[in-house]
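S.K.: Give me a model of this one.
(one chain, ligands or ions: 2)
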Amino acid sequence: MAAFQLVRPTRAGAVELKNINKWYGDFHVLRDVSLSVGEGERIVVCGRSGSGKSTMIRCINRLEAFQKGSLSVDGQPVGEGLASRAEPGRDIGMVFQHFNLFPHLTILENCTIGLTRVLKMSRRDATDRAMALLERVRIPEQANKYPGQLSGGQQQRVAIARSLCMSPKVMLFDEPTSALDPEMVREVLDVMVSLARDGMTMICVTHEMAFARQVADRVVFMDSGQIVEVAPPDVIFKEPRHRLARDFFSQVLAA
Ligand code: ADP
Ligand code: MG
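M.R.: Ligands and ions are numbered 1, 2, ... in the order given. Below you'll find the model as predicted:
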């Protein structure tokens, strides 16, 4: 199998958001959001539903436009607007709550399609790489099945492998376990933990506090479109400075 790097190095500041502002019509959804994520850093983003977490993640991945501020990924500016819609952030892998696998393609084909179509890799090399990553997420034996034949946890692991196939420099996760049955959460988190251990730069929206404690360098708490507090997990869970963060974490940690 052709060796390839799972984790590709970035320049200083893997992801930089500076005073990002975004409106949906009159609704000011992101307010002066600034965050600097270093290479290999693991960030967990928390906050109530509607606080703007997904919108922030989607701006980083160029799925949403913003109107003010600046954003760069690996030193490359991501303009306001959707300048690069045709090239949806190849340096960035994204895993959503819903797995978004192609139902009519096999697991293997779901993983190779980006490699052959976008990266113009030969079918053989693409298959080698995809199989290596399916092994990485511990489901190589499912390669020839269709998504509908897999459990939710298995499908989410395929979604992670598919993203990793493209050798992203940064991985974004938006509530990757919240649609899963409880018994499947752990297998997906285990894959994410191992990715973190390998040094992947990760920004994860999740309310899995044990995961945050295990891997996060910093936890970002958002409310009403603003970053209210950023601190290491043991600090923000035990002694948040902001009242809103205190209320939020006392609820989710008690749950
Ligand atoms: P979170 O991920 O923290 O739950 P979102 O980023 O999805 O929050 O949404 C933030 C706010 O923006 C919510 O009030 C939501 O209703 C609103 N919103 C999200 N997408 C749109 C849209 N396409 N048009 C208008 N409002 C939106
Ligand atoms: Mg969301």
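S.K.: Could you list the contact residues of the protein toward ligand 1?
M.R.: 24, 27, 29, 47, 49-55 (Cβ under 6 Å from any ligand atom). C-beta: built from backbone N, CA, C; applies to glycine.
S.K.: which non-adjacent residue is nearest the residue most central in space within the chain?
M.R.: The centroid of the chain falls nearest to residue 172 when counting by Cα atoms, centre = their mean (1.6 Å). Once flanking residues are discounted, residue 172 sits nearest to residue 94: 4.7 Å by Cβ to Cβ, 6 or more residues apart in numbering.
S.K.: strand partners of the host helix or strand of the one you found, parallel vs antiparallel please.
M.R.: Per DSSP states H and E, residue 94 falls inside strand 92-95. Paired strands of strand 92-95, with direction, are strand 170-174 (parallel) (DSSP bridges).
S.K.: And the next helix or strand past the partner strand?
M.R.: Using DSSP H and E, the helix or strand that follows strand 170-174 in sequence is helix 182-197.
S.K.: tell me which residues of that following helix are tucked away?
M.R.: 184-189, 191-192, 195-196 (16 or more other Cβ atoms under 10 Å).
S.K.: The residue nearest to residue 172 and residue 61 touch, don't they?
M.R.: Yes - look at residue 94 against residue 61 with Cβ atoms under 8 Å: they come within range, at 5.2 Å.
S.K.: Mind checking what secondary structure residue 62 has?
M.R.: At residue 62 the chain is in coil, as set by DSSP: H, G, I helix; E, B strand; the rest coil.
S.K.: Residue 45 bridge partners, please.
M.R.: Here residue 45, judged by DSSP bridges, has bridge partners residue 205, residue 220.
S.K.: need the contact list for it.
M.R.: Residues in contact with residue 45 (Cβ atoms under 8 Å, 6 or more residues apart in numbering) are 53, 56-57, 203-206, 219-220, 222.
S.K.: Distance of it relative to residue 117?
M.R.: For residue 45, the distance to residue 117 (Cβ to Cβ, to the nearest Å) stands at 31 Å.
S.K.: same check, this time on residue 167
M.R.: As defined by Cβ to Cβ, residue 167 lies at a distance of 15 Å from residue 117.
S.K.: For those two, indicate the residue with more neighbours.
M.R.: Higher neighbour count among residue 167 and residue 117: residue 167, with 17 against 10, using other Cβ atoms under 10 Å.
S.K.: Show me where the chain has its helices.
M.R.: Using DSSP state H, the helices of the chain run over 53-60, 107-117, 123-136, 152-165, 182-197, 209-215, 233-238, 243-254.
S.K.: May I see those helices arranged in TSV, with mean pLDDT as well?
M.R.: As requested, the helices of the chain are arranged in TSV below (pLDDT from 0 to 100):
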stretch	mean pLDDT
helix 53-60	96
helix 107-117	95
helix 123-136	96
helix 152-165	96
helix 182-197	95
helix 209-215	95
helix 233-238	95
helix 243-254	92
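S.K.: Can you tell me which of those is packed in deepest?
M.R.: Highest mean neighbour count of the helices of the chain: helix 152-165, a mean of 24 (counted as mean count of other Cβ atoms under 10 Å).
S.K.: For it, what is the distance to the chain centroid?
M.R.: Its chain's average C-alpha position is 12 Å from that of helix 152-165, according to Cα atoms, centre = their mean, to the nearest Å.
S.K.: now do stretch 150-160
M.R.: 15 Å.
S.K.: for stretch 92-106, same thing?
M.R.: On Cα atoms, centre = their mean, the centre of stretch 92-106 falls 13 Å from that of its chain.
S.K.: just stretch 130-143 next, same as before
M.R.: With Cα atoms, centre = their mean as the basis, stretch 130-143 stands 20 Å off its chain's centre.
S.K.: Give me the contacts around it.
M.R.: By Cβ under 8 Å, 6+ apart, the residues outside stretch 130-143 that reach it are 1, 4, 6, 106-108, 111-112, 115, 149-150, 154, 157-158, 160-162, 164-165, 187, 191.
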